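[1] fold the stuff below for me.
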Amino acid sequence: MVALQEFNRVMYGRNQKAQRWISCTDNIMQGMQYVSAAMYVRRVFDKVPTLKNIIFQMIEDLQKVFREIVITSDWMDNETKANALDKAKQMLRQVAYPDFVLDNAKLDDHYSGFSVEESDTYSQMVGKLSRWCLEYRYKQLIKPVDRTEFNFNSAVVNAYYSSTSNSIKLPAAIIQVPFFHPTFPRALNYGGIGAVIGHEIIHGFDDIGRQFDSFGNLRDWWNAGVKKKFEERSQCIINQYGKIEVPGTGLKVNGKLTQGENIADNGGIKQAFKAYKNYLLDHGEEMRIKGLEQYNNEQMFFLGYAMVIFNCSPTFSKDFYLKVREQYYASLAYL
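    Below you'll find the predicted structure:
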């Protein structure tokens with residue numbers, strides 16, 4: 001444990017050892033992600049089943065904007081545009097949780113071969129779980145690839161894009177305040193979860209995602225001319241973020257290593273804002289919020305985005321920033 005704590009200090013800037021209950025919970029959530037997802041969904045998420053439909057509609061709204069951006073692009077040729085539009089069309093939308101986790105019989109079948117006894121110690125339980133997970137992964141190697149598999153934990157507050165399956169993944173736990181709430185004005189929801197969705201869509205076309213095709217195969221579908229124009233535009237992002245100094249450290253963000261996330265941040269909020277403006281065109285202006293009447297709809301959108309930024313940008317130690325040149329994320333506060 002001492003060695004692990006030192007590793008975390010050097011690698012992540014964590015000066016304090018995590019509380020034991022947190023470490024134990026993390027181990028179970030990682031090893032039994034579908035069980036923890038079922039518990040979370042039953043307790044919190046499943047009470048409002050229409051949430052999934054709302055999120056699916058928002059994804060469609062943002063993908064519509066993305067298609068418009070591609071079509072009107074002046075630096076992509078027609079063939080590359082067609083490939084990009086096909087990739088966006090084929091992008092899987094995995095939202096909240098897989099339905100089978102709420103079926104006890106199917107859940108038991110998934111974890112067949114794994115069992116623990118009440119007399120087992122925690123270490124014995126973790127050992128059994130580790131062996132089961134390893135055997136499960138080996139079995140998956142001889143099966144056909146299933147792009148639709150929900151290989152994430154629905155109880156984790158995060159969002160993902162998978163290059164190898166061309167899918168965006170939004171766990172149930174992120175579909176909540178401050179990112180989203182069904183009673184929020186659409187301005188806050190588009191500024192919150194909408195920007196997250198846009199971020200993940202853009203990952204399919206950033207410096208890493210662009211190397212994979214519509215079905216997650218590693219394939220270069222950009223010609224040399226388009227690739228050069230993309231790299232020229234990417235260099236602007238690299239230069240912009242490379243000039244940002246982290247307060248109190250004397251260090252600057254590594255613009256090159258963080259370019260993928262920075263491209264996704266900028267492209268994501270651009271998509272979300274345009275999608276919200278389209279919503280206003282279709283549905284008219286939203287009512288102003290009591291106590292916040294001084295802010296119009298567009299300003300409320302950016303307040304929604306600010307709610308996400310300042311909930312997701314904690315203050316790290318200087319040890320953390322000493323690794324800033326080797327990390328992939330610039331702080332959202334620098335967007």
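[2] A275: what's it in contact with?
    58, 61-62, 64-65, 190, 194, 198 (Cβ atoms under 8 Å, 6 or more residues apart in numbering). For glycine as for every other residue, the C-beta is placed from the backbone atoms N, C-alpha and C.
[3] swap the cut-off to 6 Å and go again
    By Cβ atoms under 6 Å, 6 or more residues apart in numbering, A275 lies in contact with 61-62, 65.
[4] of those, buried ones?
    61-62, 65 (16 or more other Cβ atoms under 10 Å).
[5] dump those into a markdown table; add distance to K143 and pLDDT as well.
    Formatted as a markdown table, the buried ones among the contacts of A275 follow (distance: Cβ to Cβ, whole Å; pLDDT from 0 to 100):
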| residue | distance to K143 | pLDDT |
| --- | --- | --- |
| D61 | 35 | 97 |
| L62 | 33 | 98 |
| V65 | 37 | 98 |
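[6] in helices, which of these appear?
    Counting by DSSP state H, the part of these found in helices is 61-62, 65.
[7] from those, which single one is nearest L92?
    L62 (14.7 Å; Cβ to Cβ).
[8] does the residue lying closest to M125 once chain neighbours are set aside count as helix, strand or coil?
    The spatially closest residue to M125, leaving aside those adjacent along the chain, is V116, at 4.8 Å (Cβ to Cβ, 6 or more residues apart in numbering). Three-state call for V116 (DSSP: H, G, I helix; E, B strand; the rest coil): coil.
[9] mind checking how far V116 is from D109?
    17 Å (Cβ to Cβ, to the nearest Å).
[10] looking at these two, which has the bigger crowd around it?
    Taking other Cβ atoms under 10 Å, V116 and D109 do not tie; V116 has more neighbours (14 against 10).
[11] got the phi and psi for that one?
    In this entry, V116 is assigned phi and psi values of phi -130, psi 160 (degrees, to the nearest 10).
[12] so it touches V126, yeah?
    No. With contact defined as Cβ atoms under 6 Å, V116 does not reach V126; the gap is 9.6 Å.
[13] name the next helix or strand downstream of the longest helix anywhere in the chain, please.
    In the chain, with assignment by DSSP H, the single longest helix is helix 259-283. Once the chain leaves helix 259-283, the next helix or strand it forms, by DSSP states H and E, is helix 297-312.
[14] mind checking how far N104 is from V156?
    22 Å.
[15] neighbour count for these two, which is higher?
    Ranked by neighbour count (other Cβ under 10 Å), N104 and V156 place V156 first, with 19 against 10.
[16] now do that one against E60, distance only.
    Remark: distance between V156 and E60 (Cβ to Cβ) = 24 Å.
[17] re the thing from before, looking at the ones in helices among the buried ones among the contacts of A275, which is nearest G250?
    Closest approach to G250 among those (Cβ to Cβ): L62, at 38.4 Å.
[18] the closest one against G198, yeah?
    Yes. Under the criterion of Cβ under 6 Å, L62 makes contact with G198 at 5.1 Å.
[19] show me the contacts for F302.
    With Cβ under 6 Å, 6+ apart, F302 has no contacts at all.
[20] let me know the pLDDT of it.
    On pLDDT, F302 comes in at 96.
[21] now V44
    Reported pLDDT for V44: 85.
[22] quick check: phi and psi at it.
    phi -120, psi -50.
[23] who touches it in this structure?
    V44 makes contact with no residue under the criterion Cβ under 6 Å, 6+ apart.
[24] again with Y241
    Contact partners of Y241, counting by Cβ under 6 Å, 6+ apart, are 253, 255, 258, 262, 330.
[25] got it, and R219?
    Counted by Cβ under 6 Å, 6+ apart, R219 has contacts D213.
[26] what does the one 10 residues further on give?
    Contacts for K229 (Cβ under 6 Å, 6+ apart) come out as W75.
[27] distance check, it against M76.
    Distance, K229 to M76, by Cβ to Cβ: 8 Å.
[28] over to P185?
    Distance, P185 to M76, by Cβ to Cβ: 35 Å.
[29] what about W132, neighbour count?
    Neighbours of W132 using other Cβ under 10 Å come to 18.
[30] burial count for the nearest residue to it once chain neighbours are set aside?
    Using Cβ to Cβ, 6+ apart and skipping residues adjacent in sequence, the residue nearest W132 is F114, 4.1 Å away. Using other Cβ under 10 Å, the number of residues around F114 comes to 16.
[31] surely F114 and R131 touch.
    No. Using Cβ under 6 Å, F114 makes no contact with R131, being 8.7 Å away.
[32] buried ones in the longest helix of the chain?
    259-276, 278-280.
[33] tilt between that helix and helix 297-312?
    Relative orientation of helix 259-283 and helix 297-312, computed by axes from the mean of the first three to the mean of the last three Cα atoms, to 10 degrees: 150 degrees.
[34] my guess is S154 contacts P98. True?
    No. Look at S154 against P98 with Cβ under 6 Å: they stay out of range, at 7.9 Å.
[35] okay, the two: which has more neighbours?
    Between S154 and P98, S154 has the larger neighbour count (other Cβ under 10 Å), namely 27 against 20.
[36] measure that one to Y34 for me?
    In terms of Cβ to Cβ, S154 sits 8 Å off from Y34.
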